[in-house]
Structures are given as C-alpha cells and as structure tokens.
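**Student:** test case, fold it:
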Amino acid sequence: MLVTATRFLQLYIGSLVVGTMFAVWVGYDPRGLTYATFVEQHQNAVSGLNTLIPALGALLILLTLLLVYLLREQSGQRWPLLAGALCFVGAGLATRLGCQPINALVDTWTTEDPPSDWQALRADWWHYHLLRLGSGAIGFALVLWAALRSRTR
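**Tutor:** As a prediction, this is how the structure comes out:
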C-alpha cells in the first residue's frame, strides 16, 4: 500500500513538473521576442512558477528516493528509479544554478530600459531551460519505465 501510494504521488507530481517544463518549451520560447515582450512574458511566468515548480520538483526527488528505498530488493525497479532521481537532481541544479539567478535579474528589469546584455541572458536562460527539460524528461521516462516494469513482472 505504501509503495502504491508513493508511486502514485511520484508519477502525479512528476507529470506536473515535467509537463510544466514541456509547456514552457513549447509555449514560452523567448528567442526572437522583443525586449519588452520578453520581460513581460518572463516576469509573468516566473511569478507563478518560480516557487511552486521547484518545490514540487524537490518533493518529486524525495518520493523517487523513497521508492528506491522501498523497492531496494527489486533491482529492476531500484536502478531506473535511482537514475531517474539523479536526472531530477540535474534538472533541479539547472533550475537553481542557471534559470533562477537569471529569473532574479529579469524580475528587476523594466520594459523601458534594456540592459546591454539582455539577449545573452535570454539565450543563457533558454539553454538552462533546455538542460532541465532534457534531464527531467529522461528522469520521468525512467520512473515510468520502472512503474511499467513492475506491472509486467
């Protein structure tokens, strides 16, 4: 029962976190935006996501590690879950060390006075976002694979 509840929460929260990363990739590509549009769009998205999604990501990591522990005797489950947790940690590091410092800078900008390096920061933010999306998507695929393996054995 504990394994089932933990796995349900892990998959549910993982779908929210990685789904949000995917939605940002599809709908918030900042390349080619004017300065004012980029600032408005970025500040609006960050105000709603910058705290919630990283908190859910941390919970996702903890739930995945709990499953690693609970399924420690089942190597077919344990190893993909552990690899998935490491991918989620990678996504978290890309967020914390890459995206969030840039978010903090963009949050101080006004639409009237662009900094000279705004395009480079925009490109850096996109790069870090793609890193976290890739890492998060691989991690989620691994935990889905582990969940499906449990049903076929």
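**Student:** neighbours of Asn44, just the number please.
**Tutor:** Neighbour count for Asn44, taken as other C-beta atoms under 10 Å: 11. Glycine gets a C-beta too; all of them are placed from N, C-alpha and C.
**Student:** actually Gln77, sorry about that
**Tutor:** By other C-beta under 10 Å, neighbour count at Gln77 equals 23.
**Student:** what packs against the helix or strand where it lies?
**Tutor:** For Gln77, the host element (DSSP states H and E) is helix 75-93. When contacts are defined as 3 or more C-beta pairs under 8 Å, 6 or more residues apart in numbering; DSSP states H and E, helix 75-93 packs onto helix 52-70, helix 118-152.
**Student:** now do it: distance to the chain's middle.
**Tutor:** 13 Å (C-alpha atoms, centre = their mean, to the nearest Å).
**Student:** what angle separates the helix or strand following it from helix 118-152?
**Tutor:** The first helix or strand that comes after helix 75-93 along the chain, using DSSP H and E, is helix 100-107. Angle of helix 100-107 versus helix 118-152, following axes from the mean of the first three to the mean of the last three C-alpha atoms, to 10 degrees, is 130 degrees.
**Student:** let's test this: mean pLDDT of helix 100-107, rounded?
**Tutor:** What helix 100-107 shows for mean pLDDT is 96.
**Student:** ok, residues contacting it?
**Tutor:** Here helix 100-107 makes contact (C-beta atoms under 8 Å, 6 or more residues apart in numbering) with Phe38, Val39, His42, Gln43, Val46, Asn50, Pro54, Leu121, Asp124, Trp125, Tyr128.
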